[in-house]
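Undergrad: just to be clear, the model below is a prediction. Sequence and coordinates:
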Amino acid sequence: MSSLAKKAQDPYEQLIKILLLGNSGVGKTQILLRYSENNFRTGYMCTIGVDFKIKKLQVDEKVVKMQIWDTAGQERYQTLTQNFYKGAMGILLVFALNNKDSLKDIDKWMNQIKQHTNENIIKVLIGNKADIKERCISNEEAQSLATKYGIPYFETSAKDGTNINEVFLQVAKLIKNQHQDQQLNSNPNKLLSIHQEEKKLDSSCC
């Protein structure tokens with residue numbers, strides 16, 4: 001069997017779309033490259049419009065296929081970027097720990113998210129470039145912003161890989177759990193059967 005045919009038959013149980021958002025130069029492309037290919041390119045890379053990678057991972061008992069979109073941060077591309085909010089289930093909001101403006105502009109990105117997605121979309125705040133010595137944003141300052149929006153906060157380094165895998169795994173878990181909750185809420189009979197099974201287990205115990 002050819003490698004192409006094998007790829008076509010690769011099983012997965014859930015497809016999720018994730019966006020990387022944030023100002024230009026904060027390291028979104030490097031984060032995606034580190035996660036998808038375990039690679040890091042020296043020098044600045046400017047994303048033109050959008051790009052995406054596919055990555056599969058095991059989340060608890062489920063195989064999840066992630067479609068991860070890397071979006072340009074320049075103002076002139078933001079109209080194009082808005083078209084790609086549709087269908088997104090998770091968003092990584094990225095700023096650079098050596099760039100105060102990129103942290104301030106998270107508010108702007110949050111406003112865009114509010115305009116183009118539903119309020120329940122999973123969001124995570126990422127402080128990238130944790131490996132550098134010239135950081136000007138403290139952990140407390142970034143955590144305060146995350147608390148303001150009620151979202152998790154991670155510090156990452158695309159250069160050395162710090163917390164990159166952990167971030168995507170956490171986002172995938174949050175999306176999977178949210179999807180399961182929505183399924184249960186839309187199917188009360190399934191929820192009832194779960195409670196009945198739990199009662200049977202309790203009655204058979206001791």
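TA: Great, that's in hand. Residues are numbered from 1 along each chain as shown.
Undergrad: stretch 151-170: how far from the chain's middle?
TA: Stretch 151-170 has its C-alpha centroid displaced from the chain centroid by 10 Å (Cα atoms, centre = their mean, to the nearest Å).
Undergrad: show me the helices in this structure, by range?
TA: 3-9, 28-37, 78-82, 100-104, 106-116, 139-149, 164-186, 188-204 (DSSP state H).
Undergrad: list the contacts of Leu97.
TA: Shown in contact with Leu97 (Cβ atoms under 8 Å, 6 or more residues apart in numbering): Gly127, Asn128, Lys129, Ala130, Ile132, Arg135, Cys136, Ile137, Ala142, Glu155. C-beta here means a position set from N, CA and C on the backbone, and glycine is covered the same way.
Undergrad: same thing with Ser36?
TA: Contacts of Ser36 (Cβ under 8 Å, 6+ apart): Lys53, Ile54, Lys55, Ile68.
Undergrad: correct me, but the first one touches Asn38?
TA: Yep, that's Lys53 we're talking about. No: if you go by Cβ atoms under 8 Å, Lys53 and Asn38 don't touch, sitting 11.9 Å apart.
Undergrad: out of the helices of the chain, which gets the lowest mean score?
TA: With a mean of 49, helix 3-9 has the lowest mean pLDDT of these.
Undergrad: ok, back up a step: just the contacts of Leu97: which are in strands?
TA: Per DSSP state E, strands hold the following members of the contacts of Leu97: Gly127, Asn128, Glu155.
Undergrad: next, count neighbours for Lys133.
TA: Neighbourhood size, Lys133 [other Cβ atoms under 10 Å]: 5.
Undergrad: for Phe84, phi and psi?
TA: phi -100, psi 0 (degrees, to the nearest 10).
Undergrad: what count of nearby residues applies to it?
TA: 17.
Undergrad: and for Asp51?
TA: 15.
Undergrad: isn't it right next to Thr29, touching?
TA: Yes: with contact defined as Cβ under 8 Å, Asp51 and Thr29 form a contacting pair (7.5 Å).
Undergrad: identify the contacts common to those two.
TA: Asp70.
Undergrad: who's in contact with the closest residue to Gly22 other than its chain neighbours?
TA: Spatial nearest neighbour of Gly22, chain neighbours left out: Val94 (3.6 Å); criterion: Cβ to Cβ, 6 or more residues apart in numbering. Listed by Cβ under 8 Å, 6+ apart, the contact partners of Val94 are Leu20, Leu21, Gly22, Val26, Gly27, Lys28, Ile31, Ser102, Ile126, Asn128.
Undergrad: for the buried ones among the residues you listed, write the corresponding ChimeraX selection.
TA: Selecting only the buried entries of the contacts of Val94 in ChimeraX, with 16 or more other Cβ atoms under 10 Å as the criterion:
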select :20,21,22,26,27,28,31,102,126,128
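Undergrad: Throw the contacts of Val94 into TSV and include distance to Pro11, thanks.
TA: Below are the contacts of Val94 laid out as TSV (distance: Cβ to Cβ, whole Å):
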residue	distance to Pro11
Leu20	26
Leu21	30
Gly22	33
Val26	35
Gly27	33
Lys28	29
Ile31	27
Ser102	39
Ile126	30
Asn128	33
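Undergrad: relative to Ala146, which of the contacts of Val94 is nearest.
TA: Ile126 (9.8 Å; Cβ to Cβ).
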